[in-house]
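**Q** Using only what follows, build the 3D model:
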Amino acid sequence: MKKELKTKMIAYLKWRVKHNNLEITHIQIAKYLEIDNRKAEDILQTMVESDFVNQYIQFRCIKCKEVQYIKKENILYCLNCGQQYSIKDFPIKRQNIYIINREKMFCLRSDRKTGLKVVGEKMKKKVFLSYAHEDEKYKLELDKHLTVQKRNEVIDTWNDRKLVAGSEIDEEIKEELNSADIIILILSADFFASAYCYDKEMKRAIERHQCGEARIIPVIARKCDWLDSPLGKITALPIDGKSIASFEDKDDAYMQIVLGIKEAIKELG
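**A** The predicted model follows:
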């Protein structure tokens, strides 16, 4: 790919990241660059090979009917029920999905000699806190225990109490959820009883987790039937899925959670 075309393409990817439009198709590329679809397909594949775009397979599990997003490989594995399928041997309907690598795009800066290059600057991770309002005290205490990481500019946290007056609530929450690196789901019976927490925030968080766009960290605030939920296969905090409420020393519980979040940040890079 010519340098001028690559620069223009990366600028387009950065624009889409800024507007939280991470899914991209060769048709969109063709329209933006004013080229034919076949050439746009080649450019999209080049972006995949350069790690600017991640390629996933989207398929619906025949056993549990859940839609899954798996990085392209020979075996399709359903994260919901554990069922495995072979791409070659199993007649399953599937399609390729292309998601912009937001982390890599954030690490780009202009350079007079090379045009664009990757630099080692680390960006603050965006942490989204999802919770039922009955669990407000757990959210506040967790946010307080993350203060050192915020002061060290390692993370920024967001929850619905930060909504701007006059803003469209659903749209702002959706925007923050779609741009988060880490999504903390503070679990309790009230969380699962909340249609908004369950159907909108949790389901979208799982989609992004399966796509590799974000990391889910379930936090057990109070004892609940979380193991039989769609989150049951994801490692929860505090350790061993013990609820915060059951700790005699609550600071011990929150420090286990903070250490788990710090470990996730290291893995995300």
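**Q** Give me the most central residue, this protein.
**A** Computing the C-alpha centroid of the chain and ranking residues by CA atoms, centre = their mean puts residue 214 first, at 1.9 Å.
**Q** Show the contacting residues for that residue.
**A** Contact partners of residue 214, counting by CB atoms under 8 Å, 6 or more residues apart in numbering, are 180-183, 205, 208. (Glycine included, C-beta is placed from N, CA and C.)
**Q** Filter those down to the ones in helices?
**A** In helices, defined here by DSSP state H, the members of the contacts of residue 214 are 205, 208.
**Q** With pLDDT and distance to residue 224 as new columns, can the contacts of residue 214 be given to me in a markdown table?
**A** A markdown table is the format used below for the contacts of residue 214 (pLDDT from 0 to 100; distance: CB to CB, whole Å):
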| residue | pLDDT | distance to residue 224 |
| --- | --- | --- |
| 180 | 90 | 23 |
| 181 | 92 | 26 |
| 182 | 95 | 21 |
| 183 | 97 | 18 |
| 205 | 94 | 17 |
| 208 | 89 | 23 |
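**Q** Report how many residues lie close to the closest residue to the residue nearest to the centre of the chain other than its chain neighbours.
**A** Nearest residue to residue 214, sequence neighbours excluded (CB to CB, 6 or more residues apart in numbering): residue 208, at 4.1 Å. Around residue 208 there are 22 other residues, counting by other CB atoms under 10 Å.
**Q** which ones are touching residue 208?
**A** In this structure, residue 208 makes contact with 177-178, 180, 183, 214, judged by CB under 8 Å, 6+ apart.
**Q** now the strands for the stretch 151-269 of the chain?
**A** 155-158, 182-187, 215-220 (DSSP state E, counting those that start in this stretch).
**Q** Let me see the backbone angles for residue 99.
**A** Residue 99 has phi and psi values of phi -120, psi 130 when expressed as degrees, to the nearest 10.
**Q** wait, doesn't it sit right on residue 22?
**A** Yes: Residue 99 lies in contact with residue 22 (CB atoms under 8 Å); the separation is 5.2 Å.
**Q** The two: who's more crowded?
**A** Between residue 99 and residue 22, counted using other CB under 10 Å, residue 22 has the larger neighbour count: 21 against 17.
**Q** The more buried one against residue 102, yeah?
**A** Yes: between residue 22 and residue 102 there is a contact under CB under 8 Å: 6.4 Å.
**Q** list residues touching both of those two?
**A** Shared between the contact lists of residue 22 and residue 102 (criterion: CB under 8 Å, 6+ apart) are residues residue 213.
**Q** since we're on residue 141, how many residues are nearby?
**A** Using other CB under 10 Å, residue 141 is surrounded by 17 other residues.
**Q** can you start the count at 15 instead of 1 from here on
**A** Sounds good: first residue 15 from here, last item residue 155.
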